[in-house]
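Asks: need coordinates for the below:
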Amino acid sequence: MKLRNALMAALGLAFATGIAHADINVGVTVSATGPAASLGIPERNTFALMPKEIAGQKVNYIILDDASDTTTAVKNIRKLISEDKVDVILGSTTSPNSLAMIDVAAESKTPMIAMAAASSIVEPVDEKRRWVFKTPQNDAQMSTAILEHMTNSGVKTVAFIGFADAYGEGWYKQFSTLVEVRGLKLVANERYARTDTSVTGQVLKMVSANPDAILIAGSGTPAALPQKALKERGYKGKIYQTHGVANNDFLRVCGRDCEGTLLPAGPVLVADQLPDSNPVKKSAMDYIKVYEGAHGAGSVSTFGAHAWDTGLLMAAAIPEALKNAKPGTAEFRAAMRDALENLKEVPAAHGIFSMSPTDHLGLDQRSRVMVQIKGGAWVVMK
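Replies: Sure thing, here's the model as predicted:
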């Protein structure tokens, strides 16, 4: 009787103090194969390094590959929610896949943290997007950095070529608007598919327009295709890429054709070059130490860092959510959503996150730096 009473008292105390004992299940979908594999592989590697216990709760990661395909991404999120009963979704790698997953996250009222860049993933924060957050810098934010550099460098005319999907369209929408505001002239607008093997026609049109600069809005290794074609055609103007190319696989594929390329990037890409006073340097170096400790010197990728930041946001939200509900319940998923939306000044690999009901990215100018490719390496521009 005494043992029974002691056990009941302990259970009562656990209930009263909000202690939860169910595991936290985290659903992950990444593009570990297909055209976006150079982004998805370091993300998948990063999830293997994340903590298996947070706030005293065991954390299980169920990781699926969506093969860079939107239909598969939707199948993955449906499986993770309906069969695996996950408490939060992390993913996907690309903007098209992440956008395709939003409806499922909203219908099931499951918080989702994307690793893709398009601002339309989280803007505007409507009834659907109130369940969705993301970690990569917005295309609008990075477009501003590019255009600031263009205007300061005397660029007057610019051509654009981007993916024929949500990533390219999102970039064109933001970039073309800012081009007009800055008083530059957009002289060409071209598209290509991630799986294309030739962009000769598009490049000939851009070269014939003779722009001072060209922006390539692609990501991963497929973004090297237009750049190599431009060099083959003898283009001598400035070439800009987006933060979607910030990994060593891009450098390897593009080779010497990328020398001199300019792009905005997250601090983690060049963390060791930043001054100690930079507010992001320490948290960026923390990730680099963990990742390179597992995969070797020079192996770190900005895309893996986007995945790391989803884990940091999740880990920061979990203790607050546990105060209100236990894992595996609709109440816990709602509490996670609320906790994510109220995070403030969370240091991460790519910046300092402060969310709000109208901002589900939460990054400011501390999350970007202009970089140039010199001698096959990333170099911070002074």
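Asks: now the helices: where do they sit in this structure?
Replies: 2-17, 37-47, 70-82, 95-108, 139-152, 166-182, 200-209, 224-232, 248-254, 281-295, 302-322, 330-341 (DSSP state H).
Asks: quick one: which of the ones you listed is nearest Glu127?
Replies: Taking CB to CB, helix 95-108 is the member of the helices of the chain nearest to Glu127, at 7.0 Å. (C-beta placed from N, C-alpha, C; glycine too.)
Asks: and that closest one, what does it pack against?
Replies: Helix 95-108 is packed against helix 70-82, strand 88-91, strand 112-114, strand 132-134, helix 166-182, with contacts defined by 3 or more CB pairs under 8 Å, 6 or more residues apart in numbering; DSSP states H and E.
Asks: any chance of those in a markdown table, plus mean neighbour count, mean pLDDT and distance to Gly244?
Replies: Shown next, in a markdown table, are the helices and strands packed on helix 95-108 (neighbours: other CB atoms under 10 Å; pLDDT from 0 to 100; distance: least, CB to CB, whole Å):
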| stretch | mean neighbour count | mean pLDDT | distance to Gly244 |
| --- | --- | --- | --- |
| helix 70-82 | 20 | 98 | 17 |
| strand 88-91 | 29 | 98 | 16 |
| strand 112-114 | 30 | 98 | 14 |
| strand 132-134 | 28 | 98 | 14 |
| helix 166-182 | 20 | 93 | 7 |
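Asks: want to try JSON lines for the ones you listed, with distance to Ser143 as columns?
Replies: As requested, the helices and strands packed on helix 95-108 are exported to JSON lines (distance: least, CB to CB, whole Å):
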{"stretch": "helix 70-82", "distance to Ser143": "24"}
{"stretch": "strand 88-91", "distance to Ser143": "24"}
{"stretch": "strand 112-114", "distance to Ser143": "19"}
{"stretch": "strand 132-134", "distance to Ser143": "16"}
{"stretch": "helix 166-182", "distance to Ser143": "5"}
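Asks: domain parsing for the chain?
Replies: For the chain, automatic domain parsing gives the domain ranges 2-137+287-367, 139-265.
Asks: tell me which of those lies nearest to Asp272.
Replies: So among those, domain 2-137+287-367 is nearest, using CB to CB, at 7.8 Å.
Asks: what's the spacing between the closest one and its chain's center?
Replies: A distance of 12 Å separates the centroid of the chain from that of domain 2-137+287-367, by CA atoms, centre = their mean, to the nearest Å.
Asks: hmm, who's touching stretch 269-287?
Replies: Stretch 269-287 is touched from outside by 246, 266-268, 288, 300, 302, 304-305, 308, 347-352, 366-367, 369, 371, 378-380, with contacts defined as CB atoms under 8 Å, 6 or more residues apart in numbering.
Asks: cutoff 6 Å now
Replies: By CB atoms under 6 Å, 6 or more residues apart in numbering, the residues outside stretch 269-287 that reach it are 246, 267-268, 302, 305, 308, 347-349, 351, 366, 371, 378, 380.
Asks: ranking the residues you listed by neighbours, who comes first?
Replies: For those, the largest number of neighbours (other CB atoms under 10 Å) sits with Val268, at 33 neighbours.
Asks: look up how far Val28 lies from it.
Replies: 20 Å (CB to CB, to the nearest Å).
Asks: and Lys79, by the same measure?
Replies: Counting by CB to CB, the separation of Lys79 from Val28 is 12 Å.
Asks: equivalent analysis for Leu225, please.
Replies: With CB to CB as the criterion, Leu225 and Val28 are 29 Å apart.
Asks: okay, these two: which has more neighbours?
Replies: Under the criterion of other CB under 10 Å, the comparison of Leu225 against Val28 puts Val28 first, with 25 against 22.
Asks: out of everything not next to it in sequence, what's closest to Pro319?
Replies: Nearest residue to Pro319, sequence neighbours excluded (CB to CB, 6 or more residues apart in numbering): Ala55, at 4.4 Å.
Asks: burial measure for that neighbour, as a count.
Replies: Neighbour count for Ala55, taken as other CB under 10 Å: 16.
Asks: next up, the contacts around it.
Replies: Ile318, Pro319, Leu322.
Asks: which among the residues you listed gets closest to Thr70?
Replies: Taking these together and measuring to Thr70 by CB to CB, the closest member is Ile318, at 29.2 Å.
Asks: test my guess that the closest one contacts Ile54.
Replies: Yes: using CB atoms under 6 Å, Ile318 is in contact with Ile54, at 4.9 Å.
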